[in-house]
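Asker: sequence and predicted structure, then a few things I'm wondering about:
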Amino acid sequence: MAKRKGKGPTPKAEDRHWHGKRQKARAVKSSKRTGTPTLGPGGRAQAPSENRPAGRPAGARRATGEVPELVTGRNPVVEALRAGVPGTALYVTSGTDERVREAIQIAADRRIPLLETGKNELDRLTDGAVHQGIALQVKPYRYAHPDDLLKGTAPLIVAVDGITDPRNLGAIVRSASAFGATGVVVPERRAAGVTAGAWKSSAGTLANIPVAQATNLSRQLKAYQKAGCFVAGLDAAGGVTVADLELASGPFVLVVGSEGKGLGRLVADTCDMLVTIPMPGRAESLNAGVAAGIALYEISRLRA
């Protein structure tokens, strides 16, 4: 090996800091320390291979709520902490800003670990997002099994179809909690899950009502029907108003679709009946969260 004058031998390529092996080793070490996934090809998050369950592909953990989520930016972090979003760590580069100090105080009151970190490390953890020197790591949500929602002799379940905005999901969960539902079920794919945005719009009610994921929503609705539940889909073309739905007093599943597309065809065909909310005004449709709240209020009156 050639020696550089006064500087010792020339290091091998794999010993240099920029080499791929060295970068990967540092990323895995940091991932183990912080609990935050490393970045795989294309910038996708993945856990270290030795921590990934056997038979589960890289990236699959995010769909099941097992990967921590990072809320970045001063205002979003403070709002998340105020809303009671379950954080597991607060990363901060400096505490000079008023909002950062407030975030640190709330985190301390809730006993959320405070981790001081450098800008470069926070850049890596947030995948280059605009973080303003602060990020909140959110506790992964543990979904219930759909069958766990069949509680009591007359369960009331809210099924969500086609909702992709976590804020709408949070609003539906909030209404479900307010009007005595036993739980909410959402599709596992192509739908909003329990994120920090859902936690905030639920106003903390996600802590006391279970949310389950269904691999196939239509199949799950059929399973509920076999268990004795009446399944009604909320749809503008429904022939019966929610207020006149007497069968809602027994085991019942209310299915709420998206604002734009409504219920999917297979889901609508699976429902025992389509019900509607009368709207004498000029609006053609309601926000999904608002519609769910109105329908659940009427159902709660029928079940009282």
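Answerer: Alright, I've got the coordinates.
Asker: tell me which residue is most central in this structure.
Answerer: The central residue of the chain, meaning the one whose C-alpha is nearest the mean C-alpha position (Cα atoms, centre = their mean), is V194 at 1.9 Å.
Asker: wait, it touches V160, no?
Answerer: No. At 11.4 Å, V194 does not count as touching V160 under the criterion of Cβ atoms under 8 Å. Yep, even glycine has a C-beta here, placed from its N, CA and C like the rest.
Asker: which residues in the protein form helices?
Answerer: Along the chain, counting by DSSP state H, helices occupy 20-34, 60-63, 74-82, 98-109, 119-125, 166-178, 196-201, 217-226, 265-270, 288-303.
Asker: would you turn those helices into JSON lines with distance to A237 and mean pLDDT?
Answerer: Below are the helices of the chain laid out as JSON lines (distance: least, Cβ to Cβ, whole Å; pLDDT from 0 to 100):
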{"stretch": "helix 20-34", "distance to A237": "50", "mean pLDDT": "52"}
{"stretch": "helix 60-63", "distance to A237": "32", "mean pLDDT": "34"}
{"stretch": "helix 74-82", "distance to A237": "38", "mean pLDDT": "90"}
{"stretch": "helix 98-109", "distance to A237": "46", "mean pLDDT": "94"}
{"stretch": "helix 119-125", "distance to A237": "48", "mean pLDDT": "91"}
{"stretch": "helix 166-178", "distance to A237": "21", "mean pLDDT": "94"}
{"stretch": "helix 196-201", "distance to A237": "28", "mean pLDDT": "88"}
{"stretch": "helix 217-226", "distance to A237": "18", "mean pLDDT": "97"}
{"stretch": "helix 265-270", "distance to A237": "9", "mean pLDDT": "95"}
{"stretch": "helix 288-303", "distance to A237": "14", "mean pLDDT": "94"}
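Asker: L234: which of those is closest?
Answerer: Evaluated with Cβ to Cβ, those place helix 288-303 nearest to L234, the distance being 5.6 Å.
Asker: now the closest one: buried residues?
Answerer: Applying a neighbour-count criterion of 16 or more other Cβ atoms under 10 Å, one finds 288-296, 298-300, 302 buried in helix 288-303.
Asker: list the contacts of that helix.
Answerer: The set of residues that contact helix 288-303 without belonging to it, under Cβ atoms under 8 Å, 6 or more residues apart in numbering, is 154, 156, 158, 163, 167-168, 170-172, 174-176, 178-181, 201, 234, 242-243, 245-246, 248-249, 252, 254, 256-259, 275, 277, 285-286.
Asker: what's the answer for stretch 195-203, then?
Answerer: Contact with stretch 195-203 is made by 69, 71, 76, 79-80, 83-86, 136, 138, 165-171, 173-174, 177, 192, 206, 289, as judged by Cβ under 8 Å, 6+ apart.
Asker: picking that back up, between the buried residues of helix 288-303, which is closest to L266?
Answerer: Each of these was checked against L266 using Cβ to Cβ; the closest is A288, at 18.6 Å.
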